[in-house]
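Novice: Give the three-dimensional model of this entry:
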Amino acid sequence: MPRSGQIGNESLLKHGILMITLGTAVCALGSAMAKPIHQELGYVVAATAIGGYLLIALLSAGLREKQAFSRRITTGYIAAGSMMVCYTIFMAIQSNSFEMPVVSLLAGLLGLFWGSWYLTIAFTFPPASPQAVGLCALAAANSSFGVILGTRAELSKLTTVTVSGCFAILLGIQIYLTAVMFHHELMREKVFDRR
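Specialist: Okay, here's the model as predicted:
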């Protein structure tokens with residue numbers, strides 16, 4: 001486990017730093033979008049950045065090495081994501097506004113992805129351990145906020161970009177601290193192995 005644990009930690013650290021950087025950049029785009037002339041371009045750039053990171057996270061080998069998603073978790077989170085997308089499309093059609101809140105939808109899917117990742121990793125620890133409880137709490141919080149953010153079609157583009165950027169920063173900090181927790185667990189295992 002030490003070798004794959006080190007690869008997983010390095011990947012988590014990179015994802016944490018990348019997510020914090022992404023969130024900061026998206027928040028900066030929100031500031032630039034205060035001028036109406038920059039609003040459309042800022043929105044498209046924010047959607048591209050969040051969608052690109054979501055694709056990177058889905059294809060990342062370091063995250064897949066740590067733990068494969070179980071079939072139940074994958075099914076549940078795909079169902080939640082699909083319902084969120086369908087609800088958003090339905091609300092856009094209902095309000096006669098065919099403008100999709102793409103940034104909030106992608107940020108919501110990002111929250112669902114990390115929620116499923118935390119839940120999968122929580123099952124690798126003993127059930128009543130502080131690590132499992134903390135990871136389950138993070139999974140619930142990220143999933144809930146992701147669904148809330150993804151289904152808010154009435155928010156303005158500026159608000160959507162700003163809230164999505166703040167959410168990305170929060171996710172980045174969580175990912176970074178999770179990598180620190182795994183590093184601590186790895187070091188503790190090495191100390192026990194030497195005895």
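Novice: Looking only at residue counts, what's the top helix in the protein?
Specialist: helix 157-194 (DSSP state H).
Novice: Could I get the average pLDDT for that one?
Specialist: Mean pLDDT, computed over helix 157-194, is 83.
Novice: can you check stretch 87-94 too?
Specialist: Computed over stretch 87-94, the average pLDDT equals 72.
Novice: how about it: buried residues?
Specialist: Across stretch 87-94, burial judged by 16 or more other C-beta atoms under 10 Å covers Thr88, Met91. In short, each C-beta sits where N, CA and C put it, glycine included.
Novice: And for stretch 22-34?
Specialist: Those buried within stretch 22-34 under the rule 16+ other C-beta under 10 Å are Leu22, Gly23, Val26, Cys27, Leu29, Gly30, Met33.
Novice: out of the residues you listed, which one sits closest to Ala107?
Specialist: Val26 (8.6 Å; C-beta to C-beta).
Novice: how about that closest one, what does it touch?
Specialist: Ala46, Ala49, Ile50, Val161, Ser164, Gly165, Ala168 (C-beta atoms under 8 Å, 6 or more residues apart in numbering).
Novice: where's the nearest residue to Ala122 once chain neighbours are set aside relative to Ser116, distance?
Specialist: Excluding the flanking residues, the one nearest Ala122 by C-beta to C-beta, 6 or more residues apart in numbering is Leu135, at 3.7 Å. Here the criterion is C-beta to C-beta, to the nearest Å. By it, Leu135 lies 11 Å from Ser116.
Novice: try Ile173
Specialist: 19 Å.
Novice: Counting neighbours, go ahead and name the busier of these two.
Specialist: Between Ile173 and Ser116, counting by other C-beta atoms under 10 Å, Ser116 is the more crowded of the two (22 against 14).
Novice: Secondary structure element for the closest residue to Glu185 other than its chain neighbours, which one?
Specialist: Sequence neighbours aside, Gln131 is the residue nearest to Glu185 in space, at 7.3 Å (criterion: C-beta to C-beta, 6+ apart). Element membership for Gln131, per DSSP states H and E: helix 130-150.
Novice: so Phe125, which of the three states?
Specialist: The three-state assignment at Phe125 reads coil, by DSSP: H, G, I helix; E, B strand; the rest coil.
Novice: quick one: pLDDT of it?
Specialist: Reported pLDDT for Phe125: 83.
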